[in-house]
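A.B. asks: Here's my sequence, what's the structure:
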Amino acid sequence: MVRIYTRKGDDGTTTLWYGGRVPKTDLRTEAYGSIDEANAALGVARAMCKSDNQRDLHSTILSLQQELFVAGAELATAPEAAERLEDGISRITDGMVDALEVDIDRYMRQVDLPPQFVIPGGTELSAALDVARTAIRRAERRLVELRESEGLASETVLRYLNRASDLVFALARFADEPNPQLFEGRKGG
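C.D. replies: Residues are numbered from 1 along each chain as shown. Next up, the predicted model:
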């Protein structure tokens, strides 16, 4: 049996992939922990993709999940050890950001956005995607905090998270039912 506990974190610290140990409340830990939460939320959404017409959605979500692991690896590395990272494996690249933009455009071409804010919950799948989107936005905010406090080895990961949340918004709207009542959004008063 493989034991998954090491007891090393019992003191409230965790090991970075490269760069030593930090408190579990460290801004870096918060940033990659938020990415982990977003990845789990995407897993819930992906598990809901059951029909044949959701195969592409399933594939896009899985690809995003895999890339979020890359972002997590980059953030779990202290900036002084950034030279040890590998493009596309443990470091986000400009090409990965560009690919997200292609996916965003591909899905948004298939969606008619309402003129109001969208209230989440049109379908179970779109609601799960909106939860994942907000988790990605939280990770983005944590990353901005980290950048302002300690700096980032690369700004590309920040741009990546910004596009990732846009992609998940597009996926959620694609997964919504085309019912105008679901899109009434905020009402003026």
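
A.B. asks: Could you use CA atoms for every contact and neighbour count after this?
C.D. replies: OK.

A.B. asks: wouldn't Leu85 be in contact with Leu75 here?
C.D. replies: No: if you go by CA atoms under 8 Å, Leu85 and Leu75 don't touch, sitting 10.5 Å apart.

A.B. asks: quick one: which of those two has more around it?
C.D. replies: Neighbour totals were compared for Leu85 and Leu75, and Leu75 leads with 30 against 16 (other CA atoms under 10 Å).

A.B. asks: residue contacts, that one?
C.D. replies: The contact partners of Leu75, by CA atoms under 8 Å, 6 or more residues apart in numbering, come to Arg28, Thr29, Ala31, Tyr32.

A.B. asks: what's the span of stretch 101-121, first residue to last?
C.D. replies: 25 Å (CA to CA, to the nearest Å).

A.B. asks: do stretch 115-126 as well
C.D. replies: First-to-last distance for stretch 115-126 - CA to CA - comes to 18 Å.

A.B. asks: all strands of this structure, in order?
C.D. replies: Secondary structure of the chain (DSSP state E): strands at 13-15, 21-23.

A.B. asks: Adjacent strands (with direction) for the last one?
C.D. replies: Strand 21-23 has these partner strands in its sheet, going by DSSP bridges: strand 13-15 (antiparallel).

A.B. asks: Touching the partner strand from outside, list them.
C.D. replies: Residues contacting strand 13-15 (CA under 8 Å, 6+ apart): Lys8, Arg21, Val22, Pro23, Lys24.

A.B. asks: Export these to a markdown table and append columns for neighbour count and pLDDT.
C.D. replies: Converted to a markdown table, the contacts of strand 13-15 look like this (neighbours: other CA atoms under 10 Å; pLDDT from 0 to 100):
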| residue | neighbour count | pLDDT |
| --- | --- | --- |
| Lys8 | 11 | 76 |
| Arg21 | 14 | 86 |
| Val22 | 17 | 85 |
| Pro23 | 14 | 77 |
| Lys24 | 16 | 84 |
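
A.B. asks: what's around Arg109, how many residues?
C.D. replies: Neighbourhood size, Arg109 [other CA under 10 Å]: 11.

A.B. asks: Enumerate every residue touching Thr134.
C.D. replies: Here Thr134 is in contact with Ala38, Ser165 (CA under 8 Å, 6+ apart).
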